[in-house]
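**Q** with the input below, show me the fold.
(2 chains)
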Number of protein chains: 2
Amino acid sequence: MSYRAPVRDLRFCLEEIAALDSVSATRAFPEFSRELTGAILEEAAKLCNDVIAPLNWPSDQQGCTLEDGVVKTPNGFPEAYAKFVEGGWQGLQFGTEHGGMGLPRALGCALMEMLQSASMSFGLGPMLSFGAIEALIAHGSDEQRALYLPKIISGEWSATMNLTEPQAGSDVGALRTKAEPNGDGSWAISGQKIYITWGEHDCAENIVHLVLARTPDSPAGTKGISLFLVPKFLPDENGNPGKRNGVKAIGLEHKMGIHGSPTCTMEFAGATGWLIGAEHKGMAAMFTMMNSARLNVGVQGVGIAERAYQQAFSFAKDRRQGRAPGAEGPAPHAIIDHPDVRRTLSVMKAKIEAARAICLHAAVEADLGEYHPDAEEAVWSRRREELLIPVAKAWSTDVGVEVASLGIQIHGGMGFIEETGAAQHYRDARIAPIYEGTNGIQAIDLAGRKLAMEGGLAFAELIEDVRQTVEDCETSSNPALPPLASRLRPAVDALEEAAGWMASASMEDKLSGATQFLKLTGDVTGGWLLCVGAVAAQRRLKEAEGDPAHAETRIALARVFADTVLAAAPGLISDIQLGAEALFAPGEVMLESA
Amino acid sequence: MSYRAPVRDLRFCLEEIAALDSVSATRAFPEFSRELTGAILEEAAKLCNDVIAPLNWPSDQQGCTLEDGVVKTPNGFPEAYAKFVEGGWQGLQFGTEHGGMGLPRALGCALMEMLQSASMSFGLGPMLSFGAIEALIAHGSDEQRALYLPKIISGEWSATMNLTEPQAGSDVGALRTKAEPNGDGSWAISGQKIYITWGEHDCAENIVHLVLARTPDSPAGTKGISLFLVPKFLPDENGNPGKRNGVKAIGLEHKMGIHGSPTCTMEFAGATGWLIGAEHKGMAAMFTMMNSARLNVGVQGVGIAERAYQQAFSFAKDRRQGRAPGAEGPAPHAIIDHPDVRRTLSVMKAKIEAARAICLHAAVEADLGEYHPDAEEAVWSRRREELLIPVAKAWSTDVGVEVASLGIQIHGGMGFIEETGAAQHYRDARIAPIYEGTNGIQAIDLAGRKLAMEGGLAFAELIEDVRQTVEDCETSSNPALPPLASRLRPAVDALEEAAGWMASASMEDKLSGATQFLKLTGDVTGGWLLCVGAVAAQRRLKEAEGDPAHAETRIALARVFADTVLAAAPGLISDIQLGAEALFAPGEVMLESA
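**A** Model prediction:
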């Protein structure tokens, strides 16, 4: 059940596919270099491999406990969190002016993947703090930033997001938590929030809750929602944790997975809070951090898939059963030599690499979109980021579930036994398609807002890029590349056709096809990026740069993806075009079992 | 979390798709009639809905315990089992000469689906007994049959299958359990078996273990394996449980799901056993019951999918979130009115109906294959059954996992909370693709033995039947049917092409494409059978027979399946033809994460 962070694979993806070096053009990251990237990733890998990863299975078995408002996280979590703080990892991607390392968000994503592979339950704590930091940077007052940012960026204090209420899940606008002015600039927050990740725990000395609530006489729906900062301990005059605030955990959810992550029901009983940003602009503040939160969940999908994959790969090399055709040595042969097992592993690996590439491409564009000095370039990058976010979130988390499920299958009967550890990944992975906007919500975002952006410009640009790679593969001197083009071309044709259909479809038809449209977009984008990697690998081979064996594998994995996923992509068109009439005209009676 | 057995849907599938009435031609079931079918299913439904289904969630939470060799099953299981025995349900499909009801196996499959929906953990007990009954009928001596069959068929005694050992999973031939002659015709069985379902429990007064073991000096591999009968209590002179035998449960597995089903490690310490059939012919005896065991596991996939579906459907009607385009009444609307949710439910339902049809078609052909008086008809039916068994097992259990996963997704965050119950189905469903021959093994069976049978005759016959239905749809007076033909035709063309490629491929290439070839076969067969149902529904509409609203839904579901699954089927061809070279030539380095 060990884990080794795939630093080489991450670097190839960052540098050769996602073009991480282009962030140098922004001059926003003076410290950044390839050498530093390598050093940072190697150092982060040590923490993830040696400190956090060994806690994953025991923490699942032990879970969290709540007694008198105090949550105890699994054994080892507080110590591991202390090491995380010690390394300054919470601040990797935040400005040095706030005490961060001032490195690109894309590197933060690579770190996040490792953390999530090491332990999804543990990784959720820092993930939530990342979001709160972004909200404070964008919308906090100078005073709030001065008081809270250094503490959260250092990791001494953690942070949470409090959105969901029982009647307000995907429909955030239905929330009822109240904020009443105290008259001194502060507010009294009252209400109950559910599903609050790391809402209470024993790893940090203070917890800063960001809470969505309604002020008096505010308009109904999302337009009447404001964002508040509610610390567990009110900072004293020296900025240290002072008086206990009126917020506490009153329940822990009994979940299928991520048992090491305390999912709390939080009660706000007139707790003291302060507005972040303007009144009624809570949703806007939420949107600020939504992109990176969604991207981080997509990365979590990659992370859990990678962990499940490593375990299955290791098992397949060790486990011996039966006679494999073409295998060397006497039977029983390792099951990795059985074609069906080898095929399963190959497809798992190819999908992980594709999901990783989608996420890291989005992350680099997020860096460029924020910091590129050329306004047009920045706008282009932000558009690409916007387009990719729902795909990164939904496609990657679906891959997380699929790969974790295949990971169990490779283990056979042992996969179903909890002690083996494969089952934990399958249980853990299942939450990622749900939270931070269900994958259905992501599909609606892609098919609606993102497709419509500037008359479909973002999609047109993506398709143009894919076609460029088709050409690059077609004209390559390596005979392994033109066959990739022959898979990528019909796939991108299908995407173009589907996007055209979606753009002119009725709202009902568009929403009916949204999930499959997102799948097609992810299939094509993932396949495209693996082909970009294959082209880069061919360049490396030609220029005798790096390890040729590794370069060959990037081409081989692109082929596996092309012949399995890309080849099937055009078959999704009629699925996308099913239309609302086929679903709604027969009436609910079609869905009744009787 | 309630469950209502879908008796109407089961009857439609049995009577209009699987042609259950054709078993009358065999004269093997003198009691059989449509009226009796209805009465039997309604009666079985009561037991499953009202007695067993309510135990499902509590039994998952409680699990089983083992103390001093005694297994306690969850509260309510012994009482429910007593009612199962009282109803004579264990004997539904077995001859009246042994105390059974003498009804078709296809009805037994319908009962089995309900049992598995009600509780997979509970249903596994009877499922294992079914297999043992078949083995005894086919291979037991007259004395063994007289002594054991009435007790097992009545359900007073249960039975198990003991195959797996730690080093012998999919590779059964590697087993080491020993049988030494006692000199009095009995044998002393020694060894350890793992993963023994219902190996020990408190529901029946005796447990009859069927055990695979090696006799002295037997050849290596599967050719040296014999099958033994080892009762927990040795029957006394009156055939009642007597002296305790030397077999006991020494461990219970800590599994991800089916917590109510005791999965035991069994120790045989010189236990007294008797040969079933001839020495060294144990594998042949296993093969006798393999078809029905695999079919039952396929049915289990349908059952768990149906249960998960019913829960998701019910939730989607109740849960209100946001504004759905086209929905009536003020928002928030029920989420079933959101197109993406409606689409998900529709695809779930269509896949369940397709899997059910594959299983019940196989079951009716099993009845005809065994009892049809016309030898040629019987041979045809056996060939069809043989072809369908791996598809029924693997395709249906994959649907079970997929539908259970979508069931969680429909619940959103609540789906991940154990109390909701959706998570249990996802955990339970995951074992079915593994046991009774992993789905990879099923794919190898289909692509190898089944495809090769009589030079591909079984496949040719299937394709011919599908083409007949294409014609039936094309020439239908109902304008909804020709569009089904336009999806089914390219899908069956693809299946024919793939079967041709597989038949002439190298062993390595064939095995590399086997899993996807099985998927294509299942997609096409499932879609074909839904089209058969649509044609039958159109006949019912024309002849004003039955409920027209229900008939319309059969056509509407066929359309959903055709436009989503069948339309994508041709896209699987290149996946199937990926070939071993793409997987093996790059070497294991392609699969290494580093």
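**Q** what lies in contact with stretch A:167-183?
**A** A:162-165, A:187-193, A:211-216, A:220-223, A:225-226, A:228, A:268, A:272-273, A:283, A:286, A:437-438, A:441, B:321-322, B:332, B:412-413 (C-beta atoms under 8 Å, 6 or more residues apart in numbering or on different chains). Bear in mind the C-beta positions are built from the backbone N, C-alpha and C, glycine included.
**Q** let's go with 6 Å and repeat that
**A** With C-beta atoms under 6 Å, 6 or more residues apart in numbering or on different chains as the test, stretch A:167-183 has contacts from A:163, A:165, A:187-191, A:212-215, A:221-222, A:228, A:441, B:321-322, B:332, B:412-413.
**Q** ok, stretch A:60-74 next?
**A** Under C-beta under 6 Å, 6+ apart, the answer for stretch A:60-74 is A:Ser59, A:Glu200, A:His201, A:Asp202, A:Lys248, A:Ala249, A:Leu252, A:His259, A:Gly260, A:Pro262, A:Gln424.
**Q** quick one on the thing from earlier: among the contacts of stretch A:167-183, which are in helices?
**A** If you go by DSSP state H, the contacts of stretch A:167-183 have A:Ile441 in helices.
**Q** now the buried members of the contacts of stretch A:167-183.
**A** Among the contacts of stretch A:167-183, the ones that count as buried by 16 or more other C-beta atoms under 10 Å in any protein chain shown are A:163, A:165, A:187-191, A:212-215, A:222, A:228, A:441, B:321-322, B:332, B:412-413.
**Q** about what we covered before: now, the most widely separated pair of the contacts of stretch A:60-74?
**A** Pairwise distances across the contacts of stretch A:60-74 peak at 29.4 Å for A:Lys248 and A:Gln424 (criterion: C-beta to C-beta).
**Q** so which of the two has more stuff around it?
**A** A:Gln424 (28 against 21; other C-beta atoms under 10 Å in any protein chain shown).
**Q** so the more buried one, which of the three states?
**A** helix (DSSP: H, G, I helix; E, B strand; the rest coil).
**Q** host element of the closest residue to it other than its chain neighbours?
**A** Take A:Gln424 and drop its neighbours on the chain: the residue closest to it by C-beta to C-beta, 6 or more residues apart in numbering or on different chains is A:Asp60, 4.8 Å away. In this structure, A:Asp60 sits in helix A:56-62 according to DSSP states H and E.
**Q** beyond that helix, next helix or strand please.
**A** From helix A:56-62, the next helix or strand downstream (DSSP H and E) is strand A:65-67.
**Q** list the buried residues of that next one.
**A** Neighbour-count burial for strand A:65-67 [16+ other C-beta under 10 Å]: A:Leu66.
**Q** I figured A:Met507 hits B:Ala324, correct?
**A** No - look at A:Met507 against B:Ala324 with C-beta atoms under 6 Å: they stay out of range, at 10.2 Å.
**Q** who has more neighbours, the two?
**A** Remark: of A:Met507 and B:Ala324, B:Ala324 carries more neighbours, 22 against 13, as counted by other C-beta under 10 Å.
**Q** kindly state the pLDDT recorded for that one?
**A** Per-residue pLDDT puts B:Ala324 at 93.
**Q** OK, contacts around A:Ile380?
**A** Residue A:380: Trp, not Ile. No contacts exist for A:Trp380 under C-beta under 6 Å, 6+ apart.
**Q** what helix or strand is it located in?
**A** helix A:375-411.
**Q** in that helix, what's buried?
**A** A:378, A:380-411.
**Q** cool, and stretch A:491-506?
**A** A:Ala491, A:Val492, A:Asp493, A:Ala494, A:Leu495, A:Glu496, A:Ala498, A:Ala499, A:Trp501, A:Met502, A:Ala505.
**Q** redo these as JSON lines? Include pLDDT, distance to chain B and secondary structure.
**A** Listed next are the buried residues of stretch A:491-506 as JSON lines, based on pLDDT from 0 to 100; distance: C-beta to the nearest C-beta, whole Å; DSSP: H, G, I helix; E, B strand; the rest coil:
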{"residue": "A:Ala491", "pLDDT": "98", "distance to chain B": "10", "secondary structure": "helix"}
{"residue": "A:Val492", "pLDDT": "98", "distance to chain B": "15", "secondary structure": "helix"}
{"residue": "A:Asp493", "pLDDT": "98", "distance to chain B": "13", "secondary structure": "helix"}
{"residue": "A:Ala494", "pLDDT": "98", "distance to chain B": "10", "secondary structure": "helix"}
{"residue": "A:Leu495", "pLDDT": "98", "distance to chain B": "14", "secondary structure": "helix"}
{"residue": "A:Glu496", "pLDDT": "98", "distance to chain B": "17", "secondary structure": "helix"}
{"residue": "A:Ala498", "pLDDT": "98", "distance to chain B": "13", "secondary structure": "helix"}
{"residue": "A:Ala499", "pLDDT": "98", "distance to chain B": "18", "secondary structure": "helix"}
{"residue": "A:Trp501", "pLDDT": "98", "distance to chain B": "14", "secondary structure": "helix"}
{"residue": "A:Met502", "pLDDT": "97", "distance to chain B": "13", "secondary structure": "helix"}
{"residue": "A:Ala505", "pLDDT": "97", "distance to chain B": "11", "secondary structure": "coil"}
